[in-house]
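Chemist: give me a 3D structure for the following:
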Amino acid sequence: TSVMLAALIALVCNAFLPDILLFMGANEEMISLAESYGRLFIISCVIGTLNVSMSNIIVSQGASKTSASAMIIGSIVNVALDPLFIYTFNWGVEGAAWATILSRIITTIIYIRFILSKAEVKVSFALFAPTIRIYADIIKIGISMLFLQLLQTLSISLLQKAAVKYGAEAVAAVGIVLKIVTLGTNVVFGFVKGLQPMAGYNYGAGNFQRLREAVCCSLILTTSFCVLWSILIVIFTSPIISCFGKDETMQEIARIALRANTIMFFTFGFQFVYSTLYMAIGRARQSLLLNIGRQGLFFIPIILLLPSYWELNGVLYAQPIADVFATLMTLFFAVRIHKEIGHKSHLTTENLLRLIQTEEFKTLISSCSTNEQEQKASENFMKRIIDLCDAEDDAISLFRILRYTRFRLQTLQAVYLMDGKGKKCVGATMCH
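Modeler: Next up, the predicted model:
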């Protein structure tokens, strides 16, 4: 389905490519080059869509190394072929497009080889039987990411179109800054992509302690990276910009734009951790709102209005101003979800403690007494489990150990006998 949609969109884009390029800020000087590159790049996008689909299928089977290897190999091939096709073969911008096409084909071959030979879940056209329900479930989770991608494309187009008014140097500077910023944002996207399945699994399993730990770990990792990235960008702004050209006007605009886009970058991880969390637990509306907030609800009105009052600075500072509003909105939803998770976790603990005090539980415990040797072994085993729970503060660890031991009911008896007040009676999970 994704490939068919990509092919349909490619046909539409190819038919209206000159108009699309003009809308995105191309002028008469660069329209011919942009069109030459664009028609070939559209083809590569269809192949790229197939690669993204297969990558997610492979990652969902636990073969993340295969997916990463395929993407890395494709990127290396692309980088190697670019100078060869552009300069050696003298193909110009079309050479860059052909390098992209060939590198993506190589990535496709790696994916197909894995799916046909090693994948646990086989993909076949014979199994293609789409239904409205299947599409509805997919769209429910994926619609927020769809709008995010669309709004990112639209916001980039509006940004470049706004920069055209201030000359080719401003357009070049904005393009350079977007490339640099994208390097940082892609790293954050990698972190939150790893959070998504973990958050969804633990939320569905009711393991709210593990869910909180996953969110906290993601926040620390992404925010630490964003802060480090921002510091490096601020320190090395001039050397970085100088790598992209020697025009002094362009460099000056690019330095201002890069520092401006770095001001609020430390909040980027915070924003996308929570938008991913809401997506992972099936809250499509909240996730959609968080994903469209940064590049849609806030950025688009700002980029349309601010340059009229602040001219070029309005273009350069539109993104950090949008990030301020997006961060405030994310903070509101972050507080809400943490309150909800804390409430559900509290209810789970209350239910377990209430259960262990019931007469039915006491009857169950008293009915599983056996010989003294097994009961003593059960009590000793229980001591080790309680020590583990003290160290990890994780009731699920206890449940996992109980599930795989032959002392199940005897262990529950030891739990009750050792702590009648229910302080550490999370072993009741087995009865529950």
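Chemist: excluding its backbone neighbours, what's nearest residue 238?
Modeler: Closest residue to residue 238 in three dimensions, ignoring its sequence neighbours and counting by Cβ to Cβ, 6 or more residues apart in numbering: residue 255, at 6.3 Å. For the C-beta atoms, the positions are set from N, CA and C on the backbone; glycine is no exception.
Chemist: which elements pack onto the helix or strand harbouring the one you found?
Modeler: Using DSSP states H and E, residue 255 falls within helix 248-262. Under the contact definition 3 or more Cβ pairs under 8 Å, 6 or more residues apart in numbering; DSSP states H and E, helix 248-262 sits against helix 168-205, helix 208-235, helix 237-242, helix 299-316, helix 318-356.
Chemist: mean neighbour count and distance to residue 15 for those helices - can I get that in a markdown table?
Modeler: Converted to a markdown table, the helices and strands packed on helix 248-262 look like this (neighbours: other Cβ atoms under 10 Å; distance: least, Cβ to Cβ, whole Å):
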| stretch | mean neighbour count | distance to residue 15 |
| --- | --- | --- |
| helix 168-205 | 18 | 25 |
| helix 208-235 | 17 | 40 |
| helix 237-242 | 15 | 37 |
| helix 299-316 | 17 | 26 |
| helix 318-356 | 16 | 31 |
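Chemist: show me the contacts for the residue nearest to residue 238.
Modeler: 237, 238, 241 (Cβ atoms under 8 Å, 6 or more residues apart in numbering).
Chemist: cool, residue 78 as well?
Modeler: Residue 78 neighbours (Cβ under 8 Å, 6+ apart): 99, 100, 102, 103.
Chemist: on that earlier part again, in CSV, list the helices and strands packed on helix 248-262 along with distance to residue 27.
Modeler: Shown next, in CSV, are these (distance: least, Cβ to Cβ, whole Å):
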stretch, distance to residue 27
helix 168-205, 8
helix 208-235, 29
helix 237-242, 23
helix 299-316, 16
helix 318-356, 21
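Chemist: in JSON lines, list the ones you listed along with mean pLDDT and distance to residue 281.
Modeler: Converted to JSON lines, the helices and strands packed on helix 248-262 look like this (pLDDT from 0 to 100; distance: least, Cβ to Cβ, whole Å):
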{"stretch": "helix 168-205", "mean pLDDT": "88", "distance to residue 281": "5"}
{"stretch": "helix 208-235", "mean pLDDT": "93", "distance to residue 281": "9"}
{"stretch": "helix 237-242", "mean pLDDT": "92", "distance to residue 281": "38"}
{"stretch": "helix 299-316", "mean pLDDT": "94", "distance to residue 281": "26"}
{"stretch": "helix 318-356", "mean pLDDT": "80", "distance to residue 281": "8"}
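Chemist: between the ones you listed, which gets nearest to residue 283?
Modeler: helix 318-356 (8.2 Å; Cβ to Cβ).
Chemist: does the closest residue to residue 85 other than its chain neighbours lie in a helix or a strand, and which?
Modeler: Spatial nearest neighbour of residue 85, excluding adjacent residues (Cβ to Cβ, 6+ apart): residue 95 at 3.0 Å. Per DSSP H and E, residue 95 falls inside helix 93-117.
Chemist: quick one: residues contacting the closest residue to residue 263 other than its chain neighbours.
Modeler: Nearest non-adjacent residue to residue 263, counting by Cβ to Cβ, 6+ apart: residue 320, 4.4 Å away. Going by Cβ under 8 Å, 6+ apart, residue 320 touches 260, 261, 263, 264.
Chemist: and the last one, what does it touch?
Modeler: What it means is residue 264. Taking Cβ under 8 Å, 6+ apart as the test, what residue 264 contacts is 319, 320, 323, 324, 327.
Chemist: any idea how far residue 169 is from the last one?
Modeler: Which is residue 327. 31 Å (Cβ to Cβ, to the nearest Å).
Chemist: again, but for the fourth one
Modeler: Here residue 324 is placed at a distance of 28 Å from residue 169 (Cβ to Cβ).
Chemist: ok, the first one next?
Modeler: Distance, residue 319 to residue 169, using Cβ to Cβ: 19 Å.
Chemist: before we move on, what about residue 305?
Modeler: Looking at residue 305 against residue 169, where the rule is Cβ to Cβ, the gap reads 23 Å.
Chemist: over to residue 297?
Modeler: 30 Å.
Chemist: cool, and residue 162?
Modeler: Counting by Cβ to Cβ, the gap from residue 162 to residue 169 is 14 Å.
Chemist: check residue 214 too.
Modeler: 45 Å.
Chemist: count the neighbours of the residue nearest to residue 26 when sequence neighbours are not counted for me.
Modeler: Distance criterion Cβ to Cβ, 6+ apart; nearest residue to residue 26, sequence neighbours excluded, is residue 34 at 4.9 Å. Using other Cβ atoms under 10 Å, residue 34 has 21 other residues around it.
Chemist: start at 609 instead
Modeler: With the count now opening at 609, the last piece we talked about shows up as residue 642.
Chemist: now residue 642: which helix or strand?
Modeler: Using DSSP H and E, residue 642 falls in helix 639-668.
Chemist: now that helix: how far from the chain's centre is it?
Modeler: Put simply, helix 639-668 sits 20 Å off its chain's centre (Cα atoms, centre = their mean, to the nearest Å).
Chemist: list the buried ones in it?
Modeler: The neighbour-count check on helix 639-668 (16 or more other Cβ atoms under 10 Å) flags 642, 645-646, 648-659, 661-663, 665-667 as buried.
Chemist: same question for stretch 703-719.
Modeler: Buried residues in stretch 703-719 (16+ other Cβ under 10 Å): 703-712, 714-716, 718-719.
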